[in-house]
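> Quick one, what's the 3D model for this:
(chains A, B and C)
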Amino acid sequence: MSTVPDASWLAERLIPWYREHARDLPWRRDPTPYRVLLSEVMLQQTRVDTVLPYFERFLARWPTLEDLAAAPDEDVLAAWAGLGYYSRARRLLATARAASALGGLPDTVEELRALPGIGPYTAGAIASIAFGRAAPLVDGNVERVICRVDRRTEDPRKEGRAGVWARVAALHEASEPADPSALNQGLMELGATLCTPRSPSCDRCPWTECCLAGAEAESLPRKERKPPPREVRLVSVVVRGPRGVLLVRRPTEGLFGGLWEPPCGVVSDGDVDAWGVGRTERAGQLVHVLTHRRLVVDVVRAERLDDLPDSWCAYEERAWVEDLDAIAVSELARRIIATADGEGTRRGGRRR
DNA sequence: AAGCCGGGGAT
DNA sequence: ATCCCAGGCTT
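Alright, predicted model coming up:
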């Protein structure tokens, strides 16, 4: 039975490595509580390169926690458009408002966890990075790094979860001199830049001499395979008028919650011509893949829109929109509109 | 414990 | 095609 690598050795190797190799990221230059909160929420399930422009845009528009707390929901959701997981935008606002009412973000994991929108990861991130507290933190990168260095074979999302958190906590306890921010960010940086899911760069890793995974690194961590997304067939009706395109607002909860889009419904009984839309013309089809669903959308141009089938989403508001950047519009909705405009179905139509 | 929630880059 | 990313909330 082999023992796991020594915690103090790991910490003492990782922290200097991080200080030398840390990428120069905007939220690292001045890690105030607000900047850390903003970056961490944006980075949930989202890559650094995707977040960068959003982070700068948010910070320019709402420079302080209080500014964000005072912002209308609509403005924040519109600024979030394209980042995905839109409930994050509402949670971020809830966090900002609750923290602002307290006079600022608290500096302990317990108090942070009590705020809406702050889970175990984000609480650890703010406590360690913004306040220098020795709080553990586990994200996808840390899971991978820890499972490999210890050769842990349990699923880190299930039975192995507690062990990974305990191991990171042990690293903090063993780290001397302590630098909780560098330790946590070093774990994540290692996972993001060297200890990658495939083709890890073990030759450059500060832990390579003691890593128990060795040549098996690529097979760790062992996670359960997720089922392929379920296919959903939709039809979307794009109506152009003198004041722009007709958009409707989705319910606050659920998929694309609170966002605007051309009326879009699950195909049930076929012909849209039956539903008070005037002359229609099929513009094309696009496929939009999400984590849990594969959306196949038939895009139809129509002359007007008198009413909607009851089977469609319960839309409450309508608006004629000319500037898609001024309102909360998903990438899917942009692609639908682009398809109706004859721009094909390629991605990447967003530019600000 | 399991399901839900976007979008995109890397391989 | 497949994986998975600086996760949290609801049921």
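> all contacts plus neighbour counts: C-alpha atoms, from now on.
Noted.
> who in chain A is up against DNA strand C?
A:25, A:39-40, A:43-48, A:85, A:91, A:115-123, A:139-141, A:144, A:185, A:188-189, A:191-192, A:197, A:223, A:225-226, A:228, A:291 (Cα under 7 Å from any atom of the strand).
> What subset of those residues is buried?
Buried residues within those, defined by neighbour count using 16 or more other Cα atoms under 10 Å: A:39-40, A:43-44, A:85, A:91, A:115-118, A:121-123, A:139-141, A:144, A:185, A:188-189, A:191-192, A:197.
> Near DNA strand B, list only the ones from those residues.
residue A:85.
> Helices - which of the buried ones among the residues of chain A next to DNA strand C land there?
The helices, defined by DSSP state H, take in A:39-40, A:43, A:91, A:121-123, A:140-141, A:144, A:185, A:188-189, A:191-192 from those.
> Return the closest of these with respect to residue A:305.
Set against residue A:305, the nearest of those by Cα to Cα is residue A:91 (33.9 Å).
> shouldn't that closest one be in contact with residue A:99?
No. Checked against Cα atoms under 8 Å, the pair residue A:91 and residue A:99 is beyond contact range at 12.0 Å.
> next helix or strand past the lengthiest strand in chain A?
As assigned by DSSP state E, the longest strand anywhere in chain A is strand A:230-241. On the C-terminal side of strand A:230-241, the closest following helix or strand by DSSP states H and E is strand A:244-249.
> quick one: the residue nearest to residue A:303 when sequence neighbours are not counted from residue A:317, how far?
Leaving aside its chain neighbours, residue A:303 sits nearest to residue A:278 (5.2 Å; criterion: Cα to Cα, 6 or more residues apart in numbering). Distance of residue A:278 to residue A:317, computed by Cα to Cα, to the nearest Å: 21 Å.
> just to revisit the earlier point, hmm, the longest strand of chain A in reach of DNA strand B?
No. Under the criterion of Cα under 7 Å from any atom of the strand, DNA strand B is not reached by strand A:230-241; the shortest gap measures 8.9 Å.
> buried set for that strand?
A:234, A:235, A:236, A:237, A:238, A:239, A:240.
> ok, so what distance separates the third one from residue A:307?
For residue A:236, the distance to residue A:307 under the criterion Cα to Cα works out to 14 Å.
> For residue A:336, which non-adjacent residue is closest in space?
Closest to residue A:336 by Cα to Cα, 6+ apart is residue A:299, at 6.5 Å.
> Tell me the pLDDT of that neighbour.
In this model, residue A:299 is scored at 94, pLDDT.
> what's the answer for the one 4 residues further on, then?
Looking at residue A:303, its pLDDT is 90.
> ok, it - contacts?
Contacts for residue A:303 (Cα atoms under 8 Å, 6 or more residues apart in numbering) come out as A:239, A:240, A:277, A:278, A:279, A:280.
> Quick check: the third one touching residue A:305?
Translated: residue A:277. Yes. Contact criterion Cα under 8 Å: residue A:277 and residue A:305 qualify, at 4.5 Å.
> out of these two, which sits in the busier spot?
Between residue A:277 and residue A:305, counted using other Cα atoms under 10 Å, residue A:277 has the larger neighbour count: 19 against 15.
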